[in-house]
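Asker: sequence-free structure coming up:
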């Protein structure tokens, strides 16, 4: 971290901006795997899948400024945006595993690495992370 106190402040702010978007990517991955009624998504409904893809685009647009802020202060964080873009491109090339498969550097896999790095750098437990996410998501709703 460059300029430790200033860097920590920027990383904390980026983490807090990340959390509401994190909730959205979880929703996107769930929607890709399951229909709203809980049944598995067999991907036979092109309109539904296109809506999920549009939601993924919203997530991708929302995370870009967060990652650009991190790149200023967190060494190595410049790898996340290109990796997410690569996964998104592969997903768009009709390789659906590039959204959420743990067997490749899918969008979700890269996202989880980013999330874990933020937690480790800031010394935040998973329990504290969940509580903060709930608080920030609730605050953003109203």
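Answerer: That came through fine. Remember, it's a predicted structure, so these values are computed and weren't measured experimentally.

Asker: only C-alpha atoms for contact and neighbour calcs from this point on.
Answerer: Noted.

Asker: need the longest helix for the protein.
Answerer: Longest helix of the chain, by residue count under DSSP state H: helix 4-33.

Asker: next SSE after that helix?
Answerer: Remark: after helix 4-33, the chain's next helix or strand is helix 46-73, criterion DSSP states H and E.

Asker: my guess is residue 137 contacts residue 20, does it?
Answerer: Yes. With contact defined as CA atoms under 8 Å, residue 137 counts as touching residue 20 (5.4 Å).

Asker: looking at those two, which is more packed in?
Answerer: For residue 137 versus residue 20, the count of surrounding residues by other CA atoms under 10 Å is larger for residue 20: 22 against 17.

Asker: contacts only, for the more buried one.
Answerer: Shown in contact with residue 20 (CA atoms under 8 Å, 6 or more residues apart in numbering): 133, 136, 137, 140.

Asker: in helices only, show me those.
Answerer: 133, 136, 137, 140.

Asker: list only buried entries from those.
Answerer: Among these, those scoring as buried are 133, 137 (criterion: 16 or more other CA atoms under 10 Å).

Asker: least confident of the ones in helices among the contacts of residue 20?
Answerer: For the ones in helices among the contacts of residue 20, the weakest pLDDT value sits at residue 140, with 76.

Asker: gap between it and residue 101?
Answerer: 29 Å (CA to CA, to the nearest Å).
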